[in-house]
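> Would you be able to build a 3D model of this:
(one chain, ligands or ions: 1)
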Amino acid sequence: MSDILRVLWTVVPRIAPQPWLNCKRCRDIRLFRSSEKFRVNANGKRLDAWLIYKCTSCDSTWNRPILERRHVRTIDPLFLMSLRANDPELARRLAFDAENLRRKVGLVEKSDDVGVRKEVLSESMTPPRWLEILCAVPKMTGLRVDRLLAIGLHLSRSRIRNLQDTGNLAVSPEGSRMLRTAARDGMRVTIDLSEAYDRDRIAMAARSSD
Ligand SMILES: [Zn+2]
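I've put the predicted structure just below:
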């Protein structure tokens, strides 16, 4: 088929996963966010390092263990240098490691505040009848598939559900509840635009980054 518009969407989360922790000052459970700063403490040849989180209500801190009692010779010097320099790239990478965070605190909130970077993979000369969206989700987010499509296509979530109910939208790998689950890396969404009154507008939204 030549009347397909194929696009690649890369989902870029704006907010790193946030742990729910007991805040001593608030005396309640609060969300904490990464400050993107590290604390490094050397004790003889042993070293501890933490990523500092702050309570979103009162700025009290919580130190997330990154290195615990590690012998300095077993630490990659570049890694150590980045820790000491508060390298924002490293802080961001560690902050987005939700699995590791969950092992340390239990309950973690994943934000669905994302940006979507869009690229056209191939397109037809004629107005497209089909839209195929390949989704790259390098970092796990709490973003649901229907919300991703609503954001990316500038449509309401009910319209997205309606497209699926009428058989004009399919998600693979298959699953009828797929629209309610978190968007996954490698997911493919196919939409039949032939009966959509606003197909040109949808195709335009699918290809142009916000
Ligand atoms: Zn607090």
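
> For the residue of the chain positioned farthest from its centre, give me the pLDDT.
Residue farthest from the centre of the chain, counting by Cα atoms, centre = their mean, is G44 at 39.0 Å. Predicted confidence (pLDDT) for G44: 91.

> Ok, S57 next?
On pLDDT, S57 comes in at 97.

> dump the residue contacts of M187.
L134, C135, V137, V145, V171, S172, P173 (Cβ atoms under 8 Å, 6 or more residues apart in numbering). C-beta: built from backbone N, CA, C; applies to glycine.

> circling back: list the contacts of the residue farthest from the centre of the chain.
By Cβ under 8 Å, 6+ apart, G44 has no neighbours at all.

> among the contacts of M187, which are in strands?
L134, C135, V171, S172 (DSSP state E).

> and the worst-scoring helix or strand of the chain on mean pLDDT, what other elements does it pack with?
The weakest-scoring helix or strand in the chain, judged by mean pLDDT, DSSP states H and E, is helix 98-105 (a mean of 89). In terms of contacts (3 or more Cβ pairs under 8 Å, 6 or more residues apart in numbering; DSSP states H and E), helix 98-105 is packed against strand 18-23, strand 61-71, strand 108-109.

> Can I get the longest strand anywhere in the chain in CSV? Just the C-alpha atoms.
Ranked by number of residues, the top strand in the chain under DSSP E is strand 28-43. What follows is strand 28-43, C-alpha atoms only, in CSV (Å, rounded to 0.1, in the frame of the first residue of the first chain):
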residue,chain,number,x,y,z
ASP,A,28,2.9,12.6,56.3
ILE,A,29,3.5,10.7,53.1
ARG,A,30,4.8,13.0,50.4
LEU,A,31,6.2,12.9,46.9
PHE,A,32,9.9,13.6,46.6
ARG,A,33,11.7,14.8,43.5
SER,A,34,15.3,14.5,42.4
SER,A,35,17.4,17.7,43.1
GLU,A,36,19.9,16.4,40.5
LYS,A,37,22.6,16.9,43.1
PHE,A,38,24.8,14.2,44.7
ARG,A,39,26.3,13.8,48.1
VAL,A,40,29.6,11.9,48.2
ASN,A,41,31.2,10.9,51.5
ALA,A,42,34.5,9.2,51.8
ASN,A,43,35.5,7.2,54.9
